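Novice: Dropping a prediction and its sequence here:
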Amino acid sequence: QATASPAPASSPVPGRRCADPADECVLDTVAAVLAVKHLGDAKSRLVATMSDEQATDLLSTTQRERLRADPGALVLAMLTDTVDTLHRAGVRDVVVVTPDDRVRARAQHLSAHVVDEPGDVAGGLNAAYALGAATARTLWPAHRWVLMVQADLPAAEPSSLREIIDSAAGRGESMVTDRAGTGTSLLIRPTSSGELPHFGPDSAVAHRLAGVVELDPAHLRWPDIRTDVDTVSDLVAALRLGVG
């Protein structure tokens, strides 16, 4: 009886579990894109809640003063955590889109490819993600997937990212929503897609209407990936999960 020939070593097998970053799986065909705005505009909602009871209970006066004085330092720390987690998960190729010099320097230190975001680009965050995705297509034409991920996921774990990427492989364009279920923590789509994503307020609804599959709609998995940090409540949740 004839048997099917095994897949070539260079061909990822969509059904294969990405249990180990060294495995031959869909991880080998993924590039990640992160977008970080100018640090002068960073985390205004977080700074505005620094006097909340949760903040005073969790953070010392010195820590709160430092956050108020330079919220960009927290943004850089969370970017570091997020890119490090991507690398440890096995996603080696990362693009960071930013107009900020400090972000650019940190991203380069993290071995990410940096794209300067034009100051007059229309579309804001979504245009930045699209620019990063186009850059990834040019740099790594053999890759089949682009992972658009929020840059403020300090509690993210490599195992969760591998599970998410593996789950998305057979479903096409997919997303994981944030803790509230209204925002989008990450979006994975074929590299051939050139449409703007729909990050921003109520992005989960916008992505669903665009046909994006929601992974784990019951919110039973991946709390670390769902916890992007915009407010003190988010920061508390991330710290309780454990951060980088």
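Specialist: Cool, got the structure. Numbers count the residues shown, from 1 in each chain.
Novice: so D81 touches G244, yeah?
Specialist: Yes. The pair D81 / G244 is scored as a contact, 3.3 Å apart, by CB atoms under 8 Å. Backbone N, C-alpha and C define where each C-beta goes, glycine included.
Novice: okay, and the common contacts of these two?
Specialist: Common neighbours of D81 and G244 (criterion: CB atoms under 8 Å, 6 or more residues apart in numbering): 154-155.
Novice: For this protein, which residue occupies the most central location?
Specialist: With distances taken as CA atoms, centre = their mean, V149 lies nearest the centre of the chain, 1.9 Å away.
Novice: how about the residue lying closest to that residue once chain neighbours are set aside, what does it touch?
Specialist: Nearest residue to V149, sequence neighbours excluded (CB to CB, 6 or more residues apart in numbering): L186, at 4.3 Å. Neighbouring residues of L186 by CB under 8 Å, 6+ apart: 147-150, 164, 175-176, 225.
Novice: Quick check: mean pLDDT of the helix or strand harbouring L186?
Specialist: Per DSSP states H and E: L186 is located in strand 184-190. With pLDDT averaged residue by residue, strand 184-190 scores 97.
Novice: and what of stretch 227-234?
Specialist: 91.
Novice: quick revisit: the residue nearest to the centre of the chain and L139: what is the separation?
Specialist: Separation of V149 from L139 (CB to CB, to the nearest Å) stands at 17 Å.
Novice: Would you state the strands of the protein in chain order?
Specialist: Counting by DSSP state E, the chain has strands at residues 30-35, 93-98, 113-116, 145-149, 174-177, 184-190, 213-214.
Novice: so which of those comes closest to S51?
Specialist: Distance to S51, taken as CB to CB, is lowest for strand 184-190 among the strands of the chain, at 27.1 Å.
Novice: Return the helix of greatest length in the chain as PDB; C-alpha atoms alone will do.
Specialist: For the chain, the longest helix by residue count, based on DSSP state H, is helix 71-89. Taking Å, rounded to 0.1, in the frame of the first residue of the first chain, the C-alpha atoms of helix 71-89 are listed here in PDB:
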ATOM      1  CA  PRO A  71       5.500  57.300  31.900                       C
ATOM      2  CA  GLY A  72       7.600  56.500  28.800                       C
ATOM      3  CA  ALA A  73      10.000  54.500  31.000                       C
ATOM      4  CA  LEU A  74       7.100  52.100  31.800                       C
ATOM      5  CA  VAL A  75       6.300  51.900  28.100                       C
ATOM      6  CA  LEU A  76       9.900  51.000  27.300                       C
ATOM      7  CA  ALA A  77       9.900  48.300  30.000                       C
ATOM      8  CA  MET A  78       6.700  46.800  28.700                       C
ATOM      9  CA  LEU A  79       8.000  46.900  25.100                       C
ATOM     10  CA  THR A  80      11.100  45.000  26.300                       C
ATOM     11  CA  ASP A  81       8.900  42.400  28.100                       C
ATOM     12  CA  THR A  82       6.700  41.900  25.000                       C
ATOM     13  CA  VAL A  83       9.500  41.600  22.500                       C
ATOM     14  CA  ASP A  84      11.500  39.300  24.800                       C
ATOM     15  CA  THR A  85       8.400  37.000  25.100                       C
ATOM     16  CA  LEU A  86       8.000  36.900  21.300                       C
ATOM     17  CA  HIS A  87      11.600  35.800  20.900                       C
ATOM     18  CA  ARG A  88      11.300  33.200  23.700                       C
ATOM     19  CA  ALA A  89       8.200  31.900  22.100                       C
END
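Novice: same for that helix, what does it pack against?
Specialist: strand 30-35, helix 44-48, helix 61-69, strand 93-98, helix 101-109, strand 145-149, helix 158-168 (3 or more CB pairs under 8 Å, 6 or more residues apart in numbering; DSSP states H and E).
Novice: With H198 as the reference, name the closest of those.
Specialist: strand 145-149 (10.5 Å).
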